[in-house]
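Q: No sequence on hand, only this structure:
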């Protein structure tokens, strides 16, 4: 029964609390016990907030006994990625530089969840400052995938993927600049949403105009994803790209899941490299089901994009170099900076000049936007794999994979974000949902995107697919 409580969705828990069938206290106690039991095996948490969570659950229980109306997230167990500040709770950003850092204020996404009564179970692991595509850090070590503990969760929302998949809270926060919500969600069999930049405020008074990185939900069901989006979306005066309209209405938008006549563009590989056969087959099957079972009109398309690897280095290289030189080097302890981050800085110094940087910031990024805009002029949705392969063995122990289906990878460290990076920089929302499992029992992700601001459209499509190919009842054997 305890494990069953841990795998209830947030929407189910909200109903059970209000009917008095369950109390927040018994649910949070079960989730904390599960976190304590699984942490040695999964290494998904930087900080477990057991005492604080149990105190909050007791207060939530009292609230449900005395109040007629409470917010939908009230009493719901949640985890927060350790890149997001939590007032009074250690926040390390995955780095030894900040191993004992305790912020004074909350990040926007957690502030809004907390205001709705969500209960913080713990802070989830991330590589240093989110600067890796797998869940490995000098501070916390290796985070394991609940579906196979010898394999990676992906990055950088690595602990969030592991925790939510393992039943440590139905909702977790992640952040995503090139795939850091969607890749771990795909590898761990979750729903992960990268909303349109500004839909969920991310920026603050110190940095108002970041236009690529977003924060967002990682959940086991589409309804929970919509529920969480309702709680955290909406304007913010300090975010220079925040949408001015109020948030909300995303869960209600799932009342009609008709896909009849919806125009879907389907692209298998973005013309960027090899795709694992079982991933290819699962995504091809999903595309056919959208047409044969849901009534959508699916058309295979090709998309001409700028070179993904060149763009990655020209966009992120200067960003990483500035961050290291301006923020980390003054702190000392160069040994706290992972080797791959130092290598990225040195490569940037040697290969990227100002003219090339500016060209990629504006001209090449515009090419990305235009390529997807052309698709969304003719189609309502675009679907394609979330990752070229499923979760692979931990690079720290097995080495990075160097090929897929016998075809060499151009950059093994970055390949798992090859299908998620471009849509982020183009500025469109995208969601990943489970599309099935390999013969070895590893999750496969399907990615769905649409026009800027069209979160309702991609949530509805995701929920329609979930209805014909459910996954939330499946549990990893961790």
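A: Perfect, I can see it now. No experiment lies behind these values; they were computed from the predicted model shown. Numbering: from 1, shown residues only.

Q: tell me, how many neighbours does the spatially closest residue to residue 417 that is not a sequence neighbour end up with?
A: Closest residue to residue 417 apart from its sequence neighbours, by CB to CB, 6 or more residues apart in numbering: residue 179 at 3.9 Å. C-betas here are computed from N, CA, C, even on glycine. Residues contacting residue 179 under the criterion other CB atoms under 10 Å number 32.

Q: same check, this time on the one 10 residues further on
A: Residue 189 has 29 neighbouring residues, counting by other CB under 10 Å.

Q: Likewise for residue 288?
A: Using other CB under 10 Å, residue 288 has 12 neighbouring residues.

Q: Then the one 3 residues further on?
A: Number of residues near residue 291 (other CB under 10 Å) recorded here: 15.

Q: before we move on, back to that, let me know the pLDDT of the residue nearest to residue 417.
A: At residue 179, the pLDDT value in this model is 98.

Q: can you check residue 1 too?
A: What the model reports as pLDDT for residue 1 is 64.

Q: Same check on residue 246?
A: 86.

Q: mind listing what it touches?
A: If you count contacts by CB atoms under 8 Å, 6 or more residues apart in numbering, residue 246 has them with 234, 235.

Q: State the phi and psi torsions of it.
A: phi -70, psi 150 (degrees, to the nearest 10).

Q: Residue 431 is in contact with residue 462, correct?
A: Yes - here residue 462 reaches residue 431: they are 5.2 Å apart, a contact under CB atoms under 8 Å.

Q: show me the contacts for the spatially most central residue of the chain.
A: Nearest to the mean C-alpha position of the chain, by CA atoms, centre = their mean, lies residue 181 at 1.6 Å. When contacts are counted by CB under 8 Å, 6+ apart, residue 181 touches 157, 174, 175, 192, 193, 194, 214, 216, 218, 432.

Q: try 7 Å this time
A: 157, 174, 175, 192, 193, 194, 216, 218 (CB atoms under 7 Å, 6 or more residues apart in numbering).

Q: ok, now residue 417?
A: Applying CB under 7 Å, 6+ apart to residue 417 gives the contacts 133, 178, 179, 183.

Q: Output those residues in a markdown table; the columns should cover secondary structure and distance to residue 272.
A: Shown next, in a markdown table, are those (DSSP: H, G, I helix; E, B strand; the rest coil; distance: CB to CB, whole Å):
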| residue | secondary structure | distance to residue 272 |
| --- | --- | --- |
| 133 | coil | 15 |
| 178 | coil | 13 |
| 179 | coil | 13 |
| 183 | helix | 15 |
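
Q: Just put those in JSON lines and tack on distance to residue 25.
A: Below are these laid out as JSON lines (distance: CB to CB, whole Å):
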{"residue": "133", "distance to residue 25": "39"}
{"residue": "178", "distance to residue 25": "40"}
{"residue": "179", "distance to residue 25": "37"}
{"residue": "183", "distance to residue 25": "35"}
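
Q: Tell me the one among the residues you listed nearest to residue 210.
A: residue 178 (13.2 Å; CB to CB).

Q: What is the burial count for the closest residue to that closest one other than its chain neighbours?
A: Excluding the flanking residues, the one nearest residue 178 by CB to CB, 6+ apart is residue 421, at 4.2 Å. By the criterion of other CB under 10 Å, residue 421 has 24 neighbours.

Q: Quick one: residues contacting residue 421.
A: Residue 421 neighbours (CB under 7 Å, 6+ apart): 178, 179, 308, 312.

Q: And it, how close does it get to residue 258?
A: Going from residue 421 to residue 258 by CB to CB, to the nearest Å gives 32 Å.

Q: Kindly report the same for residue 102.
A: For residue 102, the distance to residue 258 (CB to CB) stands at 49 Å.

Q: out of the two, which sits in the more crowded spot?
A: residue 102 (14 against 11).

Q: what sits against the more buried one?
A: Counting by CB under 7 Å, 6+ apart, residue 102 makes contact with 88, 89, 90.

Q: That one falls within a helix, correct?
A: No - assigned with DSSP: H, G, I helix; E, B strand; the rest coil, residue 102 falls outside any helix and is coil.

Q: Please tell me I have it right and residue 96 contacts residue 336.
A: Yes - contact criterion CB atoms under 7 Å: residue 96 and residue 336 qualify, at 4.2 Å.

Q: joint contacts of those two?
A: With CB under 7 Å, 6+ apart as the test, residue 96 and residue 336 both reach residue 138.
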